[in-house]
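[1] Sequence and predicted structure, then a few things I'm wondering about:
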Amino acid sequence: MRAVPGMSQKMSETVKSLSQLDSSSFANSKYYKGGFEPKMTRREASLILGISPTASKTKVKEAHKRIMALNHPDRGGSPLLAAKINEAKDLLESGKS
């Protein structure tokens, strides 16, 4: 601390400014904030697969294959995420809301 005399002052100001941030500060983040909805919607399914809610069945299958390869339980992925990925594919392929 002796080598950089103003460092402790700057650190305390930075910590204070970070503590004043709230969740609305991250509203424009590219990541979806929140958990899973009780009943999956087309919007949630499209967010899970990373495609448009009106994507074709071919795009749904391609996106499912790509996402599932990264999250499959046999390769260290979560069984819950794999189930949600499959549910999203089924919902978007069926065309129901």
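    Yes, it's here.
[2] Met68: neighbour count?
    Residues near Met68, counting by other C-beta atoms under 10 Å, number 18. The C-beta positions use only the backbone N, C-alpha and C, and glycine is treated the same way.
[3] which other residues reach stretch 52-62?
    Residues from elsewhere that reach stretch 52-62, judged by C-beta atoms under 8 Å, 6 or more residues apart in numbering: Arg42, Arg43, Ala45, Ser46, Leu49, Ile51, Ala63, Lys89, Leu92, Glu93.
[4] How much space separates the fifth one from Lys10?
    Read that as Leu49. 44 Å (C-beta to C-beta, to the nearest Å).
[5] Filter the contacts of stretch 52-62 down to the ones in strands?
    Using DSSP state E to define strands, no part of these is located there.
[6] re the thing from before, neighbour-wise, which of Leu49 and Lys10 wins?
    Leu49 (24 against 10).
[7] ok, which stretches of this protein are helices?
    Applying DSSP state H to the chain gives helices spanning 7-19, 42-49, 57-71, 79-94.
[8] Export those as JSON lines, with columns for mean pLDDT and distance to Gly34.
    Formatted as JSON lines, these follow (pLDDT from 0 to 100; distance: least, C-beta to C-beta, whole Å):
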{"stretch": "helix 7-19", "mean pLDDT": "73", "distance to Gly34": "22"}
{"stretch": "helix 42-49", "mean pLDDT": "92", "distance to Gly34": "9"}
{"stretch": "helix 57-71", "mean pLDDT": "95", "distance to Gly34": "18"}
{"stretch": "helix 79-94", "mean pLDDT": "94", "distance to Gly34": "13"}
